[in-house]
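J.: just the structure for this:
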Amino acid sequence: MTEEKIKNLFKENIPGETVLSITPVTGGFMHRMYRVDTPDRSYAVKHLNPNVMKRPEAMANYRKAEALESKLEKAGIAIVPALAFDSKKMQETEGDFFYIFDWVDGQITDWNNITTKQCKMAGEIQGRIHAIEHTENAEEKLEPCVINWSRYISAATAEKSETAHVLKDSEGLLDYALDEMNKAYQALPGITTIIDEDMDPKNVMWNNGVPVVIDLECLDYGNPISSALQLSLQWAGITTCDLDLQKVKAFFEGYLDAFDCGFRAYDKVFGLAYTWVEWLEYNVKRALGDCMDESERSMGVSEVINTINRIRYLYEHESQIKEVLASVF
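T.: Model (predicted):
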């Protein structure tokens, strides 16, 4: 079904191109990617998750990201932008939404083989993004996040979900993580920049040591301190629960060379690292059936378990991480 829609997509937008093959590409946790080969070139096609597109704010968020993508291009940051047809980047066919990109040769770094040099380069890229625009508003505070873990545990138990046991066993930890994150939100100074909080290692491709950023649909305006702290930990290994604190330092070394807003208390806002609770809630919903199909539901179950493990790992290593964050300046 999706392949037929992609073929129609090309007929409508690139009539001179004949689709020779459509191959699913692994790696995405939310949307689905395909490589499309034609006689002359190759494309990457992203099929946007229909459940995400049903959200009232979805279209406005994507439009904002498209506009910010253009700002990154103008700033000379190496990215893979979505192609525009009839002045539109997002394409719709038969009720589904897609982005089409040029296929870029390169590789995503294996999570277990990210180098210190790559962490520094990633930090520099993120700093350059934050440096494009910089505004301050001392009164601006992030809204607290509200998640009712007890309600999700009850729903998972009633549905006999595979996630019920791990959620129930972790309820105290999850309440703590949510509380610490909200405290950190309130402690942040009112600074706003362009941010790309999805610029983790799976969204940077490398070709002969040169990085290019992909998957820019999460571009937005937000707090750079929160973005930098979270991404430093992701590049340093939190995703696989194998954190290398020297890589945290390397990320910030590159970041501060490109952008320094003057903030010096990253250790005091460590709770920002617990924003994994928001990803956890999204996957709890998928595990309970708010998804496209059984494949996505299974991914939701897997990510619930993986994300709780990351939150527990962060909790167990709080003091060491805070010590490093206090020493990066």
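J.: what's the helix or strand for residue 246?
T.: helix 245-258 (DSSP states H and E).
J.: any residues touching that helix, and which ones?
T.: 114, 116-117, 119-128, 130-131, 228, 231-233, 235-237, 320-321, 324-325, 327-329 (C-beta atoms under 8 Å, 6 or more residues apart in numbering). Heads up, the C-betas are built off the backbone N, CA and C, glycines and all.
J.: now the buried members of these.
T.: 114, 116, 119-128, 130-131, 228, 231-233, 235-237, 321, 324-325, 328 (16 or more other C-beta atoms under 10 Å).
J.: what residues are up against the residue nearest to residue 174 when sequence neighbours are not counted?
T.: Residue nearest to residue 174 in three dimensions, not counting chain neighbours: residue 149, with 5.0 Å by C-beta to C-beta, 6 or more residues apart in numbering. Contacts for residue 149 (C-beta under 8 Å, 6+ apart) come out as 167, 171, 174, 175, 178.
J.: closest to residue 73 out of those?
T.: Using C-beta to C-beta, residue 178 comes nearest to residue 73 of the contacts of residue 149, at 36.8 Å.
J.: longest helix anywhere in this structure?
T.: The helix that spans the most residues within the chain, counting by DSSP state H, is helix 294-316.
J.: tell me the first helix or strand C-terminal of that helix.
T.: That would be, after helix 294-316 and using DSSP H and E, helix 318-326.
J.: just want the angle from that next one to helix 245-258.
T.: Angle of helix 318-326 versus helix 245-258, following axes from the mean of the first three to the mean of the last three C-alpha atoms, to 10 degrees, is 30 degrees.
J.: which strands and helices sit next to helix 318-326?
T.: In terms of contacts (3 or more C-beta pairs under 8 Å, 6 or more residues apart in numbering; DSSP states H and E), helix 318-326 is packed against helix 245-258.
J.: list the buried ones in the helix it packs on?
T.: The neighbour-count check on helix 245-258 (16+ other C-beta under 10 Å) flags 245, 247, 248, 249, 250, 251, 252, 254, 255, 256 as buried.
J.: ok, now stretch 273-288?
T.: For stretch 273-288, by 16+ other C-beta under 10 Å, it's 273-277, 279-288.
J.: residue 22 contacts residue 33, correct?
T.: No: at 10.9 Å, residue 22 does not count as touching residue 33 under the criterion of C-beta atoms under 8 Å.
J.: show me whatever sits in contact with both of the two.
T.: Shared contacts of residue 22 and residue 33, counting by C-beta under 8 Å, 6+ apart, come down to residue 45.
J.: residue boundaries of the helices in this protein?
T.: Using DSSP H, helices in the chain cover 2-13, 50-53, 58-74, 116-131, 149-158, 164-169, 171-187, 224-236, 245-258, 276-287, 294-316, 318-326.
J.: just the CA trace of the fourth one, in PDB.
T.: Extracted as PDB, the C-alpha positions of helix 116-131 are listed here (Å, rounded to 0.1, in the frame of the first residue of the first chain):
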ATOM      1  CA  THR A 116      35.300  11.800  21.000                       C
ATOM      2  CA  LYS A 117      36.100  13.800  17.900                       C
ATOM      3  CA  GLN A 118      32.600  13.200  16.500                       C
ATOM      4  CA  CYS A 119      31.100  14.400  19.800                       C
ATOM      5  CA  LYS A 120      33.100  17.600  19.600                       C
ATOM      6  CA  MET A 121      32.000  18.200  16.000                       C
ATOM      7  CA  ALA A 122      28.400  17.500  16.900                       C
ATOM      8  CA  GLY A 123      28.600  20.000  19.700                       C
ATOM      9  CA  GLU A 124      30.000  22.600  17.300                       C
ATOM     10  CA  ILE A 125      27.100  22.000  14.900                       C
ATOM     11  CA  GLN A 126      24.500  22.400  17.600                       C
ATOM     12  CA  GLY A 127      26.300  25.500  18.800                       C
ATOM     13  CA  ARG A 128      26.200  27.000  15.300                       C
ATOM     14  CA  ILE A 129      22.500  26.300  15.100                       C
ATOM     15  CA  HIS A 130      21.900  28.000  18.500                       C
ATOM     16  CA  ALA A 131      24.000  31.000  17.400                       C
END
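J.: before I go, just wanted to say thanks for your time.
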